[in-house]
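Peer 1: The sequence isn't on hand, but the structure is:
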């Protein structure tokens, strides 16, 4: 009897398991299929993206080689296609390279600057590429004699400590100040370059050469500061002298006496250096 009951219990257990399996089997099989299909799809997508990247890389290399050979129009056409159809990384490289080619000609330099500005403003692009675009735009503007403010607004954000492009950006800031005649500010930027122990040797050498030129023009840093202080004090001294000349004499001096005092005052002005002596210093600063 016990064997019969055992067989009945086993049959019931099998029946319950079969019913459970019938309910969950579609889900289990579906999940397994999804895993297989998903894995295959991911591998396929990975292979496709790798293939596309390789094609974009080959096309980019071909375009740069064409540019190096002087086939500018062919290179620009290839780069434009990569920029529109290539993967994100190569598309940005193509845009930078194409803008660089345009910057090589004075006729298209403004277009190049505009393209670099567009890359720098595109927040979907990696920050490193955007910094490169800012710096390239600054170089083009510096070489074309653009206004100092136009250069500074592009590269000033790159001068902070820790920025990998700070050395080139500081050099551009110093050159912009030098070209504008602001030798004191130019000196500050080039001293910042020489004081940075991480500055590349070539940039360090250029900075020292320009600092020596600045020193030959306005003297050492301490002397230049004294000249600036004297120039700032000159207007106040001139104002006091004019006020003193305008006051009436207590003794009721005649007009002849007043006219006699004129040359004396002028001579004093020449002697203390507040007159002509201040002129060359100011012109040199400019």
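Peer 2: Great, that's in hand. Every value quoted in this text rests on a predicted model; they were computed, and no experiment measured them.
Peer 1: Count the neighbours of residue 66 for me.
Peer 2: The number of residues packed near residue 66 is 18, by other CB atoms under 10 Å. Heads up, the C-betas are built off the backbone N, CA and C, glycines and all.
Peer 1: Over to residue 53?
Peer 2: Considering only other CB under 10 Å, residue 53 is surrounded by 15 other residues.
Peer 1: and it, what helix or strand is that in?
Peer 2: Under the criterion of DSSP states H and E, residue 53 resides in helix 2-68.
Peer 1: and that helix, what other elements does it pack with?
Peer 2: helix 72-85, helix 88-103 (3 or more CB pairs under 8 Å, 6 or more residues apart in numbering; DSSP states H and E).
Peer 1: Same list, those, but as CSV with mean neighbour count please.
Peer 2: Formatted as CSV, the helices and strands packed on helix 2-68 follow (neighbours: other CB atoms under 10 Å):
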stretch, mean neighbour count
helix 72-85, 17
helix 88-103, 20
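Peer 1: so residue 62 makes contact with residue 81?
Peer 2: No: Residue 62 is beyond contact range of residue 81, at 11.0 Å (criterion: CB atoms under 8 Å).
Peer 1: Hmm, residue 196 is touching residue 167, no?
Peer 2: Yes: between residue 196 and residue 167 there is a contact at 7.1 Å, judged by CB under 8 Å.
Peer 1: Comparing these two, which residue is more hemmed in?
Peer 2: Under the criterion of other CB under 10 Å, the comparison of residue 196 against residue 167 puts residue 167 first, with 21 against 16.
Peer 1: Check whether the more buried one really touches residue 201, as I assumed.
Peer 2: No: counting by CB under 8 Å, residue 167 does not reach residue 201; the two are 10.8 Å apart.
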